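>>> coords please:
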Amino acid sequence: MSQESPSADAKRESIALLLVVEDDPTANRLTEVLARPDGLRYDITRVLRVEDALRLLTESHFDAMLLDISLHEGPGLDSLMRASAATGSIPVVVLTYQRDEATTLKAARAGAQDCLSRGEVTPELISRTILHAIERHKILQQLTEAKQRQRFLATHDTLTELPNRYSFMQQLGPMLHAAKRRGTKLAVLFFDLDGFKAINDNLGHGVGDELLTDVAKRLRKAIRKCDLIARIGGDEFLAAIQDVEHDETTRKVAEGIRREIERPYHLDGHECWISASIGISFFPHHGEHAEQLIQNADTAMYQAKGSGKNRVCLFSDDMNDKSAERFELVSGLREAVHSGQLQLMFQPQVDVSTEEIVGVETLVRWHHPTRGIVSPANFIGVAEDAGVMVQLGEWVLRSACEAARSWAPHSNARVAVNLSGRQLDHPDFPKRVKKILYESELPASRLELELTESLATSDSAMRVIAELRALGIRVAIDDFGTGYSSLTLLKRLKIDLLKIDQSFVRGAAQTDPDRVILAAIIQMARGLGLDVLAEGVENPEEMKALLERGCTRMQGYLFSKPVDKNQLDWLVSSPDAPWRAVLADPEAWAPVDEPAFDALAGPVDGAPDSRSAGARVSNGSGAVSAASTSPAAGEATGRGVALGRLGLRSGSCVDPDEDLYPVLKNPTR
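Numbering: from 1, shown residues only. Reported below is the predicted structural model:
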């Protein structure tokens, strides 16, 4: 049997005892009893008064205190309460003349762990009492710490240790009452981090957590101790600034915080940058209740986001109108998915070398019951922010697959559908796509899913892409050249098609730099074994420039504007379809009126131009394409009436889809 060394035994059994006894005989007797060689070893420090004991407790460590209150019972209990209040870290055992029930109860209420009378003090009893007091005190401390931790977790964010929304609301209420009583102003600031999702997706959640912790530290330093800061979830924070004299003072504070947040972060070997959009509301001008002030600050923050991000915006009453309109759009969009208000449009993708429509891009437009045609610029971003995009995107995908299945008798054209970041982030997105293909009976090879470069950068997105391609689905990178355009990304990505952005196509027939860039993109894609398709082809000159550089697949208003399913059937099957004439004799092309369509019979002679025009809409993180209708665009010129975007080439100053294009450059929050 192994034995512990005497030094280890002594260290384990030594108890530092603080003895507070007024009379010497009692102190000597206690010291004698506690010094017996067969008992525990006590390191005893004796003082005469509680004040001396409290002073020693600040200077040295003790395991327990033995306090004699038998000489002056009343003042003794007062001394016990003072000692207990100041010595929360050690237990107190009291010594009295007699241990009756009343005295024991008073001592316990005053904070004693146990109570002994002078007449019953024996070595065994006093040692057992002191040891039990120490153990009980430890258990009570652990329970107290657990309760405090539980209370902290209920009122604080575990990552940043900032107050959470519940705690913020609990503290903001009294602050508002105080401001009302003093007649002062109070400001509520709503912060949202710009670019946090990209860091989280590309560098991982661990780095994202480090970033949030660093942001919290900067926010603590940026505000006064009398003010309040909280993390309410994700990348959103709240602050309350008291005793505001002028609105401009708060704006300066917010600008200082904004500048502090946009300083670079050094995380796990990476240097990162983010910014913050900040909204401000004031008590009492913008509300007298906490929820109203927070809501108005949130509305102002959205205004800052919509104005370009990384800025401070003060709430104004007219923002409520925009907020109400936004709420109405969200509610209406949820209903539109199920009530037949959404309509799919299709823009043909032509292979000029084979003179065939090899694919169509799916677009969507919203026929609102009271607003009429709602521009995608007004509802795509709303769908992303409101969490409707997954539902909307799934409807578009299912409807597109069902439509493509119905073309089978006369066309095997692929159907292309744009994906949003929300869809890619959904944990079972590949399973949903597989189910839709099965239920629509569309072969996987006839579905092409498009996503922007910015969406394809994360490891999770690459895993989703790999799963989709394993099902036989084609994957395309959309708007190539306008996003990250990383050659490393192209090397890592397993995709099928590269779609050249229309900005390069538009200049290909005009400027040498665009010609060089276009040729380089096409050659690079071919070298990587990728198909290439050019977007936004508007005239024969651009078509010719693409053909000269080896790109034969094209899409744009030169061939057709977006059309509905019945119009598409006619474009695919009819030998008189306008796009065929363009290929037969490009030199004779002119942007003239397109014939109207009868849903069943095809073109109608003499019918007025329906002027339906569609445009693909992306929100920077990828979004479902959308379309819009517009009245007749352009006026008659020597070459005919300018139609759609062709009007830009034929002298027209009106573009039916002009309001859609800026959305391409405005990623949502």
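
>>> Ile517 - nearest residue in space that isn't next to it in sequence?
Phe504 (5.7 Å; CB to CB, 6 or more residues apart in numbering). From N, CA and C alone the C-beta is placed, and that goes for glycine too.

>>> May I ask which helix or strand encompasses that neighbour?
Element membership for Phe504 (DSSP states H and E) is helix 502-507.

>>> which residues touch that helix?
When contacts are defined by CB atoms under 8 Å, 6 or more residues apart in numbering, helix 502-507 is touched by residues 481-482, 513-515, 517-518, 521, 534-538, 542, 546, 556.

>>> Follow the chain on from that helix and name the next helix or strand.
That would be, after helix 502-507 and using DSSP H and E, helix 512-527.

>>> For that next one, what does the pLDDT average out to?
For helix 512-527, mean pLDDT rounds to 86.

>>> which residues sit against it?
With contacts defined as CB under 8 Å, 6+ apart, helix 512-527 is touched by 480-481, 487, 490, 498, 500, 504-508, 531-532, 545-546, 549-551.

>>> Looking at the spatially closest residue to Thr354 that is not a sequence neighbour now. What's its pLDDT?
Nearest non-adjacent residue to Thr354, counting by CB to CB, 6+ apart: Thr552, 8.0 Å away. On pLDDT, Thr552 comes in at 93.

>>> Could you tell me how many residues sit around Val92?
Each residue near Val92 was counted by other CB atoms under 10 Å, and the total is 24.

>>> quick one, phi psi at it?
Torsion angles at Val92 (phi, psi; degrees, to the nearest 10) stand at phi -120, psi 120.

>>> Next up, phi/psi of the residue nearest to Thr354, please.
phi -110, psi -10.

>>> Compute the distance between it and Val93, please.
Note on Thr552: its distance to Val93, by CB to CB, to the nearest Å, is 95 Å.

>>> Tell me which of those two has more neighbours.
More neighbours surround Val93 than the other of Thr552 and Val93, with 21 against 17 (other CB under 10 Å).

>>> For the more buried one, which residues are in contact?
Counted by CB under 8 Å, 6+ apart, Val93 has contacts 64-67, 112-116, 129-130, 133.

>>> Quick check: bridge partners of it?
Leu66, Asp114 (DSSP bridges).

>>> And it, what's its pLDDT?
What the model reports for Val93 is a pLDDT of 86.

>>> do Asn320 as well
pLDDT, Asn320: 69.

>>> now swap in Asp385 and tell me
67.

>>> so how many other residues sit close to Arg259?
Neighbour tally, Arg259, other CB under 10 Å: 13.

>>> Next: Gln242.
As a measure of burial, Gln242 has 18 neighbours, counting by other CB under 10 Å.

>>> The one 4 residues further on now?
By other CB under 10 Å, the residues close to His246 number 9.

>>> May I have the phi/psi pair for it?
Residue torsions, per degrees, to the nearest 10, at His246 are phi -140, psi 150.

>>> any idea how far Ala476 is from it?
Taking CB to CB, one finds His246 at 54 Å from Ala476.

>>> Give the pairing partners of the longest strand seen in the chain; include direction for each.
Secondary structure assigned by DSSP state E gives strand 356-368 as the longest strand of the chain. Take DSSP bridges as the rule and strand 356-368 pairs in its sheet with strand 342-351 (antiparallel), strand 372-374 (antiparallel), strand 414-418 (parallel).

>>> so which of those gets nearest Ala581?
Among those, the nearest to Ala581 by CB to CB is strand 342-351 (12.4 Å).

>>> List the buried residues of that closest one.
By neighbour count on 16 or more other CB atoms under 10 Å, the buried set for strand 342-351 is 342-350.

>>> Next, give me the two most distant ones among those.
Longest distance between any two of the buried residues of strand 342-351 is 26.2 Å, between Leu342 and Val350; criterion CB to CB.

>>> where along the stretch 351-500 of the chain do the helices fall?
376-385, 389-406, 421-425, 429-440, 459-470, 487-492 (DSSP state H, counting those that start in this stretch).

>>> mind giving me JSON lines with those and columns for mean neighbour count and distance to Ala27?
Below are those laid out as JSON lines (neighbours: other CB atoms under 10 Å; distance: least, CB to CB, whole Å):
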{"stretch": "helix 376-385", "mean neighbour count": "23", "distance to Ala27": "75"}
{"stretch": "helix 389-406", "mean neighbour count": "21", "distance to Ala27": "78"}
{"stretch": "helix 421-425", "mean neighbour count": "23", "distance to Ala27": "73"}
{"stretch": "helix 429-440", "mean neighbour count": "17", "distance to Ala27": "79"}
{"stretch": "helix 459-470", "mean neighbour count": "17", "distance to Ala27": "72"}
{"stretch": "helix 487-492", "mean neighbour count": "12", "distance to Ala27": "80"}
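
>>> Distance to Tyr302 for those helices - can I get that in JSON lines?
Formatted as JSON lines, the helices of the stretch 351-500 of the chain follow (distance: least, CB to CB, whole Å):
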{"stretch": "helix 376-385", "distance to Tyr302": "8"}
{"stretch": "helix 389-406", "distance to Tyr302": "17"}
{"stretch": "helix 421-425", "distance to Tyr302": "18"}
{"stretch": "helix 429-440", "distance to Tyr302": "27"}
{"stretch": "helix 459-470", "distance to Tyr302": "26"}
{"stretch": "helix 487-492", "distance to Tyr302": "31"}
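
>>> Minimum distance to Leu238: which of those has it?
Proximity to Leu238, assessed across these by CB to CB, is greatest for helix 376-385 (18.6 Å).

>>> Filter the contacts of helix 512-527 down to the buried ones, PyMOL style.
PyMOL command restricting those to the buried ones, with burial defined by 16+ other CB under 10 Å:
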select buried, resi 480+481+490+498+500+504+505+506+507+508+531+532+545+546+549+551
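
>>> Could you double-check that Ala187 lies in contact with Asp243?
No - under the criterion of CB atoms under 8 Å, Ala187 makes no contact with Asp243, lying 9.7 Å away.

>>> which of these two has more neighbours?
Ala187 (25 against 15).

>>> Pop out the phi and psi values for the more buried one.
The phi/psi pair for Ala187 (degrees, to the nearest 10) is phi -110, psi 140.

>>> who's in contact with it?
240-241, 244, 250, 280-283.

>>> okay, it: pLDDT?
For Ala187, the predicted pLDDT is 95.

>>> try Gly111
Reported pLDDT for Gly111: 73.

>>> what's around it, how many residues?
18.

>>> Is it in contact with Pro91, as I believe?
No - the criterion here is CB under 8 Å, and Gly111 misses it with Pro91 at 9.4 Å.
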